[in-house]
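# Give me coordinates for this.
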Amino acid sequence: MKLLKPSWVNHNGKPIFSVDIHPDGTKFATGGQGEDSGKVVIWNMAPVLREEDEKNENIPKLLCQMDNHLACVNCVRWSNNGLYLASGGDDKLVMVWKRAAFIGPSTVFGSSSKLANVEQWRCVMILRNHTGDVMDVAWSPHDVWLASCSVDNTIVIWNARKFPEIVMTLKGHTGLVKGLTWDPVGKYIASQADDHSLKVWRTMDWQMETNITKPFSECGGTTHVLRLSWSPDGQYLVSAHAMNNSGPTAQIIERDGWKTNMDFVGHRKAVTVVKFNPKIFKKKQKNGSTPKPSCPYCCCAVGSKDRSLSVWLTSLKRPLVVIHDLFDKSIMDITWTLNGLGLLVCSMDGTVAFLDFSQDELGDPLNEEEKNAIHQNIYGKSLAITMESHLSSTIIENPEMLKYQQERQGNQNPNGAQGSGPENQTPKLTNVLNGESLEDIRKNLLKKQVETRTADGRRRITPLCIAQLDTGGPAAVNSIGMKSNLLLTSASKMEPMKALDSRFTERSKATPGVTSVPLTIGITPLDRVKDSSSVKEPKVKDETSSDSEDKIMAKPLSMAKRKGEMEGAEVVEKRKKGRPRKDAKMMMPISQPFPQVTFLLWKTTVSKSTNRVSTDAIAYLEVENEVSVVSGARLSQLKWSRDGREWDTLLTSRITIATGSSDIVAVACEDRTLSVFTTCGRRLIPSIMLPAPLAALHCSGHFVMVLMASATLSVWDVQKQTALVKNESLNPILSGTDATVSQSFLTQQGVAVVSLSNGKTYCFNSSLETWNLIADKQDSLVQCADFRNCLTSQDALGSMGPLALTQGRNLSAGRLASRLSSTPHHLQQGMTLAFLENQLSSALMLLSASEYRHWLLIYARFLVNEGYEMRLRELCQDLLGPVHKSSSSSWEPTVLGLRKRDLLTEVLPVIGQNLRFQRLFTEYQDQLELLRLK
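Next up is the predicted model:
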């Protein structure tokens, strides 16, 4: 190890509060006190690294000095892509700097001509929100957000793609917030404050995940900063300024359960800053010896008010190196070079020190692939952009390609799949590794934990690297149950859908806060609104009590038993609070903006989540059977009302099902007739005679779908008065199984969808006249497909539509399960490809344009990431079409109303993010340009 204190790095004797090395390692920034303002200085790294460069007067040391801050600068941080520098200071401002085009050397005002700025950095954005000094700033992985914290007790999350937009202000600390760190996986951000607490916040909904106070309760006095740090494998979070047995420590917090059993001990005064090395290491192999499998470990530097610095490896019980009295005053900030071998430290005394380690001392850094394998193992997703390392040196031939390469870093999704759910809320799953469960391996490791006592009686525990072990299984995603079966005995016996396949977890229990809605129809927007994992789950009390409000309960009508079964008295209505209506009446709200909201009145349990969602007017459909008897005929009345407008009509038979859409109302009677009215009450067609008793009735737009007890299906377009599906038998999908129909609905495009109790969902394609399988809850492709690194932050919320409705949250559950299965990568790759192609063709079959586009872009990203050139070329060719029109061409310029060439313009930037496909990118970019000019 070499130690160097470059005396030329200084702020003229004023304190330096922060230092950060640029990701490319060529320069570093310092922030601190200037003459009468805050000062940010960018220095050349070469003279620090090499003595000959330091002596060479032609090599500049100071690159740029910026005096824009009105008061002392507390923190400087480079963005991960190296394009921006963020600085925060006592003037309550966060400034974002970017390098400007070279104009020529300019001198700092009032300084000698020697201090010429070699590089031009200008402030491109000033972020104003804090009401007190800004103490720390931090860029999230992939530079999606920039976080800043302040002595005003708040943390502000800025949208780094749309400065100065604020995503969220995190409030909860009761003291000055002095440190921030992002979890490298992008799931959490942690903050530490003078209120003796460390808080971890979720990035999914910006709520507090945990509040850790125990290690800090004894802390007396304050430190200028509390710079905490997260390990590069995401498994450990190390805090500043903790106490153990009245001795200063750096507390180690485990991601698994946020346990606080270990710490770094030895500093005599409070720890001010902790910084993990960005690399994960493994033991160096001696020449000629056979490589032994060794546990990867991390490296961490700790700085303190006692003016000393310690460097720890998580594989050793004692520090690797301790340097006492390195400075005259407290250490303020630490930064590592990206290769993990260099370390810059700054102090309040206005000097910096550089430590240069060798690989013999630290070990061999894992390459990106090995690091990604560890992430894949722990979190089921890789952090890196899946690009081969050698591609970065490829010459970029196309200016458009260069643009997408520069944007690539910014376009990465911070959370992989944001909807992957919190990690630690699940029943523990016991994976098996070499015949031993991971839980056992962990226990054995903890038994081996080495505990030593120092002379004054303090405990010192060796940190053990158990990073590769599973951190508790995937979250059982709060799913809205969709298991109401047409042949179930009672609506109140429904269970929520199993969140994961039964092979992986026991049946998930219904918990408070999870609404179990056994749907018999497609209430697409209603349940999806509550279902998005980025939206906080509403607190809804468990709907199991039989007398709960807002419930319609009744006996379902079995397919076999029909007449005389449904007496009016069995329908209980409690839609409004207070006294229930008289028993013979049924009432059903139709939420206006969602045309396919329908209820089978005699068998739906409606939970609170399906209450009025929109501010638009709600339509009510009210049925009163046997309103009067006229010459032996029993009349039934149907009333419709919305916004004070209402109409009613009389029918000569008992009404069994009534439903409606934004355009029509359909009513089925006991005498097997079906009547269809407009929403103004005008009858559209004479009563349709149905060949068998009705089991389900749905409306969507101008389409009506009936499912009969004889297991046949019909769909009509009542506006055009045509049949889309004529008495089609369900035998092809029911034969050979003992499954029953559990759910059915009609999409807005008039496609009939039928779900069975065995988890399979089919739609009927009227042009092919076939039943097509569009979803299977037990499908192993769903269980093992892993495409989270192909999701952007917009995609993470999922798409809305019929396909999403049939698959529910089972999709994210399946992706989470991927890491439980020990499938080799190439097999998982093939399964993911097959799954994405299924999704694409299913969206096409359901005529769902938004979902088709959603899955097309994910599919394109997957092909680009995994390098499927032939498929990518075929996809581009289909979207581009023939350049010259000919009568023999069967190419259609649109798909589901979307212009194919517009889709290609969306796919090309995705291809532009992988240098391997730049020839393909250039070829289609040029052809598209030519066609546009025609």
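# ok so L674 is a strand residue?
Yes: residue state for L674 (DSSP: H, G, I helix; E, B strand; the rest coil) corresponds to a strand.
# element containing the closest residue to it other than its chain neighbours?
Setting aside the residues directly before and after it, L674 is nearest to I688 in space (CB to CB, 6 or more residues apart in numbering), at 4.3 Å. C-beta here means a position set from N, CA and C on the backbone, and glycine is covered the same way. Assigned by DSSP states H and E, I688 belongs to strand 683-689.
# With I774 instead?
Going by DSSP H and E, I774 is part of strand 770-776.
# buried set for that strand?
771-772, 774-776 (16 or more other CB atoms under 10 Å).
# and what of stretch 857-868?
857-866, 868.
# got TSV for the residues you listed, with distance to D356 and secondary structure too?
Output for these, formatted as TSV (distance: CB to CB, whole Å; DSSP: H, G, I helix; E, B strand; the rest coil):
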residue	distance to D356	secondary structure
L857	46	helix
I858	45	helix
Y859	47	helix
A860	44	helix
R861	40	helix
F862	42	helix
L863	43	helix
V864	39	helix
N865	36	helix
E866	39	helix
Y868	44	coil
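# What about the protein, which residue is the most distant from its middle?
Distance from the C-alpha centroid of the chain peaks at S631, with 64.9 Å (CA atoms, centre = their mean).
# For N129, list the residues it contacts.
By CB atoms under 8 Å, 6 or more residues apart in numbering, the contact list for N129 reads 156, 166, 169.
# ok, so of those, who is nearest G247?
V156 (34.6 Å; CB to CB).
# Distance check, that closest one against L746.
47 Å (CB to CB, to the nearest Å).
# Who has more neighbours out of the two?
Ranked by neighbour count (other CB atoms under 10 Å), V156 and L746 place L746 first, with 29 against 22.
# Tell me which residues touch the residue lying closest to I334 once chain neighbours are set aside, please.
On the basis of CB to CB, 6+ apart, the spatially nearest residue to I334 that is not a chain neighbour turns out to be K275, at 3.9 Å. The contact partners of K275, by CB under 8 Å, 6+ apart, come to 227, 229, 300-301, 303, 333-336.
# Out of those residues, which two are the most distant from each other?
C300 and D333 (14.6 Å).
# Compare neighbour counts for those two and give me the winner.
D333 (28 against 25).
# which ones are touching the more buried one?
The contact partners of D333, by CB under 8 Å, 6+ apart, come to 16-20, 75, 225, 227, 273, 275, 303, 345-346.
# Tell me the secondary structure of it, please.
D333 ends up strand, using three-state DSSP.
# which residue sits closest to it in space, ignoring its chain neighbours?
S18 (4.5 Å).
# Give me the buried positions along the strand ranked longest in the chain.
Assignment by DSSP state E gives strand 618-630 as the longest strand of the chain. Within strand 618-630, the residues scored as buried using 16+ other CB under 10 Å are 618-619, 621-625, 627.
# Make TSV from those and add distance to L836 and pLDDT to it.
Converted to TSV, the buried residues of strand 618-630 look like this (distance: CB to CB, whole Å; pLDDT from 0 to 100):
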residue	distance to L836	pLDDT
I618	39	80
A619	39	83
L621	41	87
E622	46	88
V623	45	89
E624	51	88
N625	50	86
V627	55	84
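# Format those as JSON lines; extra columns: distance to C763.
JSON lines is the format used below for those (distance: CB to CB, whole Å):
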{"residue": "I618", "distance to C763": "29"}
{"residue": "A619", "distance to C763": "27"}
{"residue": "L621", "distance to C763": "27"}
{"residue": "E622", "distance to C763": "32"}
{"residue": "V623", "distance to C763": "30"}
{"residue": "E624", "distance to C763": "36"}
{"residue": "N625", "distance to C763": "34"}
{"residue": "V627", "distance to C763": "39"}
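# Sketch out the low-pLDDT regions of the stretch 251-400 of the chain for me.
286-293, 380-398 (pLDDT under 70).
# before we move on, what about the chain?
Within the chain, the stretches with pLDDT under 70 are 102-116, 286-293, 380-398, 409-453, 455-456, 459, 462-617, 794-798, 809-823, 934.
# rewinding a little: what sits against the residue nearest to L674?
Neighbouring residues of I688 by CB under 8 Å, 6+ apart: 673-676, 716.
# What is the neighbour count of N377?
If you count neighbours by other CB under 10 Å, N377 ends up with 15.
# does it count as helix, strand or coil?
Classified using three-state DSSP, N377 is helix.
# about what we covered before: look up the residues forming beta bridges with the residue nearest to D333.
G31 (DSSP bridges).
# For N159, give me its contacts.
144-145, 165-167 are the contacts of N159 under CB under 8 Å, 6+ apart.
# will you turn those residues into a markdown table that also has secondary structure, neighbour count and distance to I189?
Converted to a markdown table, the contacts of N159 look like this (DSSP: H, G, I helix; E, B strand; the rest coil; neighbours: other CB atoms under 10 Å; distance: CB to CB, whole Å):
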| residue | secondary structure | neighbour count | distance to I189 |
| --- | --- | --- | --- |
| V144 | coil | 24 | 12 |
| W145 | strand | 23 | 8 |
| E165 | coil | 11 | 17 |
| I166 | strand | 13 | 15 |
| V167 | strand | 17 | 11 |
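# which of these sit farthest apart?
V144 and I166 (13.9 Å).
# Just the buried residues of the helix or strand containing Q925, please?
Per DSSP H and E, Q925 falls inside helix 918-933. Within helix 918-933, the residues that count as buried by 16+ other CB under 10 Å are 918, 920-922, 924-925, 927-928.
# can I get the CA coordinates of it in PDB?
Presented in PDB, the C-alpha positions along helix 918-933 are these (Å, rounded to 0.1, in the frame of the first residue of the first chain):
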ATOM      1  CA  GLN A 918     -25.300  -1.200 -34.800                       C
ATOM      2  CA  ARG A 919     -25.300  -2.500 -38.400                       C
ATOM      3  CA  LEU A 920     -28.800  -3.700 -38.100                       C
ATOM      4  CA  PHE A 921     -29.800  -0.400 -36.400                       C
ATOM      5  CA  THR A 922     -28.200   1.600 -39.200                       C
ATOM      6  CA  GLU A 923     -29.900  -0.500 -42.000                       C
ATOM      7  CA  TYR A 924     -33.400  -0.100 -40.600                       C
ATOM      8  CA  GLN A 925     -32.900   3.500 -39.500                       C
ATOM      9  CA  ASP A 926     -31.800   4.500 -43.100                       C
ATOM     10  CA  GLN A 927     -34.700   2.600 -44.700                       C
ATOM     11  CA  LEU A 928     -37.200   4.200 -42.300                       C
ATOM     12  CA  GLU A 929     -35.700   7.600 -43.100                       C
ATOM     13  CA  LEU A 930     -36.000   7.000 -46.900                       C
ATOM     14  CA  LEU A 931     -39.700   5.900 -46.500                       C
ATOM     15  CA  ARG A 932     -40.400   9.000 -44.500                       C
ATOM     16  CA  LEU A 933     -39.000  11.200 -47.200                       C
END
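# quick one: G830 is in a helix?
Yes: according to three-state DSSP, the state of G830 is that of a helix.
# can you pull the contacts of it?
Residues near G830 by CB under 8 Å, 6+ apart: none.
# In this structure V134 contacts A147, no?
No: using CB atoms under 8 Å, V134 is not in contact with A147; the gap is 10.8 Å.
# what's the closest non-adjacent residue to N211?
Distance criterion CB to CB, 6+ apart; nearest residue to N211, sequence neighbours excluded, is K199 at 5.2 Å.
# Which helix or strand contains that neighbour?
Per DSSP H and E: strand 197-202 holds K199.
# Listing partners with orientation, what would you give for that strand?
Strand pairing for strand 197-202, using DSSP bridges, gives strand 188-193 (antiparallel), strand 208-212 (antiparallel).
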